[in-house]
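*Asks:* My questions are about this predicted structure, shown below with the sequence.
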Amino acid sequence: MGLIEKIKEIEDEMARTQKNKATEYHMGQLKAKLAKYRTQLLEPPKSGPKGEGFEVQKFGNARVCMIGFPSVGKSTILSTLTKTQSLVAAYEFTTLTCIPGVIDYKDAKIQLLDLPGIIEGASEGRGRGRQVIAVAKACDLVLMVLEADKAEDQRRKLTLELDKMGIRLNRKKPDVTITPNKSGMVRITSTIKLTKVDEKLIKNIMQEYKIHNVDILIREDITVDDLIDIIEGNRKYVKCLYVFNKIDKISIEEVDEIARRKDHCVISCNLKLNLDFLLECMWDKLDLVRVYTKKRGNQPDFSDPIVLSNDRNGLMVRSVCAQIHRELVDEFKFAIVWGRSCKFNPQKVGLNHVLADEDVLQIYKSKTKAQLAKQNKQLKGTKHDRKKEEKGDKSSKK
Ligand SMILES: Nc1nc2c(ncn2[C@@H]2O[C@H](COP(=O)(O)OP(=O)(O)OP(=O)(O)O)[C@@H](O)[C@H]2O)c(=O)[nH]1
Ligand SMILES: [K+]
Ligand SMILES: [Mg+2]
């Protein structure tokens, strides 16, 4: 039996099983089994053709991709927001590969990826769904593009497909730490009351994974799925913005209601409606921080910031140095900062100072290794000369 069939079998059994307190433990075990098969499915094939991925070179300060059903308007969005033209047509699967474009926004460059449409069953290999979803895993933000009049159904299906491939949208990694011990048992500590799992259920799951010697520290009211996510360890927590396109097809009342929801943006490419707001939403969601560097006595270059990602690189001065030059962290002496991250303006700071958007930074270096070596050489040289002179003095006195 292939993996897909095994998965199907467990899914069928889960659908058949009534959900109640008595079946809770069995359901937990089924979920763990399912997760294990799905992880196997995610592993690249050991032999045979790997299947063409959609590798596109990273560019710019952040990467955003568009995921959606066919013909929801992904290519229209790319062609509208960037200088790149991606083929737009009324038939499904117009786009067959990954097409990158660049959005210039607030001095930053954001790479936007147009992708083929995906359909139900994508995670199990229908169409090029698996490759498409793999791209989403490596992005800073997913735009889930939905057709306004079919949006809820599309959203539910897409979320499920992404979920099956280990992508959790707009969620944080559950606060659970599992550390090995030598006690020969599973020890569970929780800092808050657990209402969705009990000790027996947790131990059942651990047994399913054949994990016996661990301490589990739980700091939030987790579900079985959260626990499995932590054990599997390969989940990706990705930000998502729900983009409702073609709002020209629904009523103004509906538009108004959707527009008020968190992480939602309503647009119409045809009517060129709200596209500026889409950019603003993307920018807010990406949460990028721009830092302008300046040289002593000069004005900062406000057109060319160093862009830091709030979650990936961290916001410390150290990250800026690392982006400028590999050795700058070692050569760093101190920096002076103007801006919102400071108590005083300007302020002298070290490598661990946390920067804020639009800060201005002036870095002072200590001498580089090469400079130090040169200095040493010169010093040696002068010592040598002095000795010579001294010797000369002595001999002349003789
Ligand atoms: N009514 C309406 N139609 C739109 C809008 N935006 C795009 N379309 C149309 O939707 C159709 C599909 O657009 P595409 O941009 O090719 O869609 P896609 O998502 O890239 O499609 P695939 O590449 O096939 O997955 C085209 O006929 C567009 O003109 C809109 O805001 N309103
Ligand atoms: K299309
Ligand atoms: Mg397209």
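*Replies:* Happy to help now that I have it. Ligands and ions are numbered 1, 2, ... in the order given.
*Asks:* residues in contact with I7?
*Replies:* 34, 37-38, 41, 124 (CB atoms under 8 Å, 6 or more residues apart in numbering). Glycine gets a C-beta too; all of them are placed from N, C-alpha and C.
*Asks:* Help me confirm that it is found in a strand?
*Replies:* No: checked against DSSP: H, G, I helix; E, B strand; the rest coil, I7 lies outside a strand; its state is helix.
*Asks:* near ligand 1, which residues of this structure show up?
*Replies:* Taking CB under 6 Å from any ligand atom as the measure of proximity, the chain contacts ligand 1 at 68, 70-76, 88-90, 92-95, 116-117, 245-246, 248-249, 268-270.
*Asks:* what subset of these is also close to ligand 2?
*Replies:* By CB under 5 Å from the ion, the members of the residues of the chain next to ligand 1 lying near ligand 2 are 71, 89, 94.
*Asks:* What is the neighbour count of I77?
*Replies:* I77 has 25 neighbours, counted by other CB atoms under 10 Å.
*Asks:* right, I mislabeled it, should have said K36
*Replies:* The tally of other residues near K36 (other CB under 10 Å) stands at 17.
*Asks:* Backbone dihedrals for it, both of them.
*Replies:* Dihedral pair for K36: phi -70, psi -40, per degrees, to the nearest 10.
*Asks:* Report the rounded mean pLDDT for stretch 341-357.
*Replies:* Stretch 341-357 carries an average pLDDT of 93.
*Asks:* nope, stretch 111-126 is what I was after
*Replies:* Rounded mean pLDDT across stretch 111-126 is 90.
*Asks:* hey, C-alpha coordinates of it in PDB?
*Replies:* Only the C-alpha atoms of stretch 111-126 are listed here, as PDB (Å, rounded to 0.1, in the frame of the first residue of the first chain):
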ATOM      1  CA  GLN A 111      10.000  40.100  -4.200                       C
ATOM      2  CA  LEU A 112       6.500  39.000  -5.300                       C
ATOM      3  CA  LEU A 113       6.100  35.500  -6.700                       C
ATOM      4  CA  ASP A 114       3.300  34.600  -9.100                       C
ATOM      5  CA  LEU A 115       2.600  30.800  -9.000                       C
ATOM      6  CA  PRO A 116       0.400  28.300 -10.800                       C
ATOM      7  CA  GLY A 117      -3.000  27.800  -9.400                       C
ATOM      8  CA  ILE A 118      -3.500  25.000  -6.900                       C
ATOM      9  CA  ILE A 119      -6.600  22.800  -6.400                       C
ATOM     10  CA  GLU A 120      -7.900  20.400  -3.800                       C
ATOM     11  CA  GLY A 121      -5.600  17.500  -3.400                       C
ATOM     12  CA  ALA A 122      -2.600  19.600  -4.200                       C
ATOM     13  CA  SER A 123      -0.700  18.400  -1.100                       C
ATOM     14  CA  GLU A 124      -1.100  14.800  -2.300                       C
ATOM     15  CA  GLY A 125       0.400  15.600  -5.600                       C
ATOM     16  CA  ARG A 126      -2.400  16.900  -7.800                       C
END
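*Asks:* just to revisit the earlier point, closest one of the contacts of I7 to W283?
*Replies:* Of all the contacts of I7, R38 has the smallest distance to W283: 33.8 Å, by CB to CB.
*Asks:* OK, contacts around that closest one?
*Replies:* When contacts are counted by CB under 8 Å, 6+ apart, R38 touches 7, 164-166.
*Asks:* Select from the residues you listed every entry located in helices.
*Replies:* Among the contacts of R38, the ones falling in helices (DSSP state H) are 7, 164.
*Asks:* Relative to Q347, how far out is the closest residue to N345 other than its chain neighbours?
*Replies:* Excluding its sequence neighbours, the residue lying closest to N345 (CB to CB, 6 or more residues apart in numbering) is W338, at 5.4 Å. Separation of W338 from Q347 (CB to CB, to the nearest Å): 8 Å.
*Asks:* What residues does the stretch 51-200 of the chain have near ligand 2?
*Replies:* Residues of the stretch 51-200 of the chain lying near ligand 2 (CB under 5 Å from the ion): 71, 89, 94.
*Asks:* okay, those residues in a markdown table with neighbour count next?
*Replies:* Formatted as a markdown table, these follow (neighbours: other CB atoms under 10 Å):
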| residue | neighbour count |
| --- | --- |
| S71 | 19 |
| A89 | 11 |
| T94 | 16 |
